[in-house]
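**Student:** Provided below are the primary sequence and the corresponding predicted coordinates.
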Amino acid sequence: MGTKIEDKESKIIYDFIAAIKKDPAKALSEIGTVHEQLPDKRYGVISIYNAIGSVYRNLSRENKDTALAFVLDTLSRERYDVAQGDFASVIDDALLLADIDIASNHLYLPGVFDGRERILTRKIKDFDVIKEEVLTKEGHICNDKVHSEFILTYGLLRSDYWSHNEEFAKALNPKVLDYTVRGIVWMQFGRATNEKQIEKGTKRLEELLPQCVYGKIEPMRLEGGWVTNPDIIRG
């Protein structure tokens, strides 16, 4: 019985992703219907989140806002700590999680943790062990080892979590590194409204992140692209 339910959900999600790729605006306008079709409407919505995340980088800002509004609406139906720990914590995509963080005024971001064993780096300090545990040979995150690819990668890029963040950055696939840093930049500057906040945010990122990514921070900040729609952003 469980397999049939999983197969049904998988087909619904597969068809939804295909529809988004074909006609994003139309597919996203029907997202509520997709949700209603899921066998488990409460926890099945996580599959919708990651379906959205799988194409989020390629969506227009308008379509991102449509998808984000759905995600925020469904998260708001849960107690905030449940929304953090059970729902947002398993979203893989960096930009979707960054937009959730910006729009919710940090309410739903679950914090930084390292995969299925919380704070893995506090248990295992050896870089080669962590590298073997979470990275493929191509420098991608082993999805089956973690709850959220972005949260794990963000944690391992932070100097306050361990001393090997520079080595980890260099071991990451360059596209994964760039995409993760973009998500971090969005979160850091998405609510910055003046030069003092920007200066403070830049200083903070340079304290946390590997030196090899410093040159990416300002260009990504200037490029922007994060959610700014006042109808979506909470105060």
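**Tutor:** Arrived safely.

**Student:** make it CA atoms for all contacts and neighbour counts henceforth
**Tutor:** Will do.

**Student:** tell me which helix or strand of this protein sits lowest on mean pLDDT?
**Tutor:** Scoring the helices and strands of the chain by mean pLDDT, DSSP states H and E places helix 120-123 at the bottom, with a mean of 60.

**Student:** For whichever strand or helix holds Tyr14, C-alpha coordinates in CSV please.
**Tutor:** If you go by DSSP states H and E, Tyr14 is part of helix 2-22. Extracted as CSV, the C-alpha positions of helix 2-22 are listed here (Å, rounded to 0.1, in the frame of the first residue of the first chain):
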residue,chain,number,x,y,z
GLY,A,2,2.8,2.4,0.9
THR,A,3,4.5,1.8,-2.4
LYS,A,4,1.4,2.6,-4.3
ILE,A,5,1.0,5.9,-2.4
GLU,A,6,4.6,6.8,-3.0
ASP,A,7,4.3,5.9,-6.7
LYS,A,8,1.2,8.1,-7.0
GLU,A,9,3.0,11.0,-5.4
SER,A,10,6.1,10.6,-7.5
LYS,A,11,4.0,10.7,-10.7
ILE,A,12,2.2,13.8,-9.6
ILE,A,13,5.4,15.5,-8.8
TYR,A,14,7.1,14.3,-12.0
ASP,A,15,4.3,15.6,-14.1
PHE,A,16,4.3,18.9,-12.1
ILE,A,17,8.0,19.5,-12.8
ALA,A,18,7.5,18.7,-16.5
ALA,A,19,4.6,21.2,-16.6
ILE,A,20,6.7,23.9,-15.0
LYS,A,21,9.5,23.4,-17.5
LYS,A,22,7.0,23.6,-20.4
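
**Student:** on contacts alone, who are the packing partners of that helix?
**Tutor:** Applying 3 or more C-alpha pairs under 8 Å, 6 or more residues apart in numbering; DSSP states H and E, one finds that helix 2-22 makes contact with helix 24-29, helix 31-37, helix 45-55.

**Student:** Using a markdown table, lay out those together with mean neighbour count.
**Tutor:** Compiled in a markdown table, the helices and strands packed on helix 2-22 are given as follows (neighbours: other C-alpha atoms under 10 Å):
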| stretch | mean neighbour count |
| --- | --- |
| helix 24-29 | 18 |
| helix 31-37 | 15 |
| helix 45-55 | 21 |
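
**Student:** what would those look like in JSON lines with distance to Arg221 and mean pLDDT?
**Tutor:** Putting the helices and strands packed on helix 2-22 into JSON lines (distance: least, C-alpha to C-alpha, whole Å; pLDDT from 0 to 100) gives the following:
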{"stretch": "helix 24-29", "distance to Arg221": "26", "mean pLDDT": "97"}
{"stretch": "helix 31-37", "distance to Arg221": "31", "mean pLDDT": "96"}
{"stretch": "helix 45-55", "distance to Arg221": "21", "mean pLDDT": "96"}
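
**Student:** Can you tell me which of those helices is nearest to Leu152?
**Tutor:** Leu152 lies closest to helix 45-55 among the helices and strands packed on helix 2-22, at 15.7 Å (C-alpha to C-alpha).

**Student:** Much appreciated, bye for now.
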